[in-house]
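Visitor: Pasting the sequence and the predicted model now:
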Amino acid sequence: MRQSLVVGNWKMNGSTASIQALLEGLKQGMGKIQRAAVGVCPPFVYLQQVSTLLAGSQISWGAQNVSHEAPGAFTGEVAANMLGDFKCKYVIVGHSERRSLYGESDELVAKKCAVVQAAGMIPILCVGELLQEREAGQTETVVKRQLDAVIRMNGVDSLANAVIAYEPVWAIGTGKSATSQQAQDVHAFIRQQIAQHSANVAQKVQILYGGSVKGSNAEELFAMSDIDGGLIGGAALKADEFLTICQAAK
Ligand code: 13P
């Protein structure tokens, strides 16, 4: 059975003070979390603080992005080995905000997955369709294209050491989550696509749902057979709300 995983993607939010308060709240509430593994992904500059505060706790941490390049003259970028230095377990790769606002292509995202794994961390590979793609009936085509780029470049076995996050772009930050059935259908499709290359990897890989997950809808989403947890944006910034989501994991 796959272990449930709930990861907070803090995006470009937080301050030294707010992060300290949030992590204290989370650490205090972790005793109630029986089933899910839990992680948080702060902005890069807070990784030092987060790693210090979470060392020895049950909560893992990760980054929200990484350069596909090795260290060198790339002003403003952060290399995978640097994230390894801060003992990141996860790196979010290919979030829709990176794809749409910063022009990250499927190939670039696949390269980023490879450098994260080469540095000993686990990529959280984000896939998902835009509203107009869903309305045009292209959800499966888009998700398959995003997934295939990684399988083509890195091989299906690379997914045995990855987490996939299905995040329909129209559900992100809109308050309008996919229904549990809409999400389950795409999760099952993703697993089926991977199974065409390796049944073993397909059974093993955790597929998280992201997009307006809240304390009030998490249980219904997480109850679906192919939904193994969540990648949480806004609701991960409040300790109580995030803990309620973590508790909803199966
Ligand atoms: P929200 O939970 O704020 O909709 O964001 C989801 C997300 O993008 C997580 O990566």
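Guide: Cool, got the structure.

Visitor: Could I get the contacting residues of Leu83?
Guide: 47, 62-63, 66, 91, 116, 119, 121 (Cβ atoms under 8 Å, 6 or more residues apart in numbering). Backbone N, C-alpha and C define where each C-beta goes, glycine included.

Visitor: rerun at 6 Å
Guide: Contacts for Leu83 (Cβ atoms under 6 Å, 6 or more residues apart in numbering) come out as 63, 91.

Visitor: who touches the residue of the chain found nearest the ligand in this structure?
Guide: The nearest approach of the chain to the ligand comes at Gly233, 2.2 Å away (Cβ to the nearest ligand atom). For Gly233, the contact set (Cβ under 6 Å, 6+ apart) comprises Asn9.

Visitor: same thing with Ala236?
Guide: 8, 242.

Visitor: how does it look with 10 Å?
Guide: Going by Cβ atoms under 10 Å, 6 or more residues apart in numbering, Ala236 touches 6-11, 13, 22, 26, 39-41, 213, 230, 242, 245-246.

Visitor: Phi and psi next, for the residue of the chain closest to the ligand.
Guide: Backbone geometry at Gly233, expressed as degrees, to the nearest 10, gives phi -90, psi -100.

Visitor: near the ligand, which residues of the chain?
Guide: Proximity of the chain to the ligand is confined to 9, 95, 167, 172-173, 210-213, 231-235 under the rule Cβ under 6 Å from any ligand atom.

Visitor: make it 8 Å
Guide: Within the chain, the positions adjacent to the ligand are 9, 11, 92, 95-97, 126, 165, 167, 171-175, 177, 210-214, 231-236 by Cβ under 8 Å from any ligand atom.

Visitor: If any of those are buried, put those into a ChimeraX selection.
Guide: The following ChimeraX line selects those of those that are buried, judged by 16 or more other Cβ atoms under 10 Å:
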select :9,11,92,95,96,97,126,165,167,171,172,177,210,211,212,213,214,231,232,233,234,235,236
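
Visitor: Show me the residues of the chain next to the ligand that map onto helices.
Guide: Counting by DSSP state H, the part of the residues of the chain next to the ligand found in helices is 96-97.

Visitor: any idea how far the residue of the chain closest to the ligand is from Gln48?
Guide: According to Cβ to Cβ, to the nearest Å, Gly233 and Gln48 sit 23 Å apart.

Visitor: any idea whether the residue in the chain sticking out farthest from the centre is helix, strand or coil?
Guide: Distance from the C-alpha centroid of the chain, by Cα atoms, centre = their mean, peaks at Ala73 (28.3 Å). Per DSSP: H, G, I helix; E, B strand; the rest coil, the local secondary structure of Ala73 is coil.
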